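Visitor: got a predicted model here, sequence first, then my questions.
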Amino acid sequence: MATAIPSAAGGVSHLSQVLLRMGVPFDLVAAKPGVRRPVSAGAWQNLRDHVELDCLLLSIAKLGWLVAQGKDCLRLEPAIVGLIEGFLRRRPDHSLSNELRTYSNRLQQELASGFDIAA
């Protein structure tokens, strides 16, 4: 996906750039880089949070790619909401659960306002 979206410098885009262009909140993307080798139980928890968030963000980017490729019967915002809500059901204590909830709520409000306009 990154190779299909050129960066500002003309090379390939980093996953973070792609996610920001898709409207993923900066606070979620900013938490992506920088992992240290864990030496304590708390550090292991931080590593787990980092890896889980990275997988979720990659899944969101993959959804964006599938939608951009014209995948039948796939709508981006509802699919992202489904991913986030499923993630939060399994990991309600994730260190960025508040940010994820805010992002999901924002997408749901955008969807609801679209239905109001259509009605």
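Guide: Ah, there it is. All figures in this text were calculated on a predicted structure; none of them were measured in a lab. Numbering: from 1, shown residues only.
Visitor: secondary structure class for the residue nearest the centre of the chain?
Guide: Centroid-nearest residue in the chain, with C-alpha atoms, centre = their mean: residue 57, separated by 3.6 Å. Residue 57 carries the three-state label helix when classified by DSSP: H, G, I helix; E, B strand; the rest coil.
Visitor: just list the residues touching it, thanks.
Guide: 15, 19, 24, 28, 29, 32 (C-beta atoms under 8 Å, 6 or more residues apart in numbering). Just so you know, the C-beta spots here come from the backbone N, C-alpha and C atoms, and that holds for glycine as well.
Visitor: if you look at these, which of them are in helices?
Guide: 15, 19, 28, 29 (DSSP state H).
Visitor: in JSON lines: those residues, plus distance to residue 40, pLDDT and neighbour count.
Guide: Compiled in JSON lines, those are given as follows (distance: C-beta to C-beta, whole Å; pLDDT from 0 to 100; neighbours: other C-beta atoms under 10 Å):
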{"residue": "15", "distance to residue 40": "28", "pLDDT": "79", "neighbour count": "16"}
{"residue": "19", "distance to residue 40": "29", "pLDDT": "87", "neighbour count": "21"}
{"residue": "28", "distance to residue 40": "25", "pLDDT": "87", "neighbour count": "21"}
{"residue": "29", "distance to residue 40": "26", "pLDDT": "85", "neighbour count": "19"}
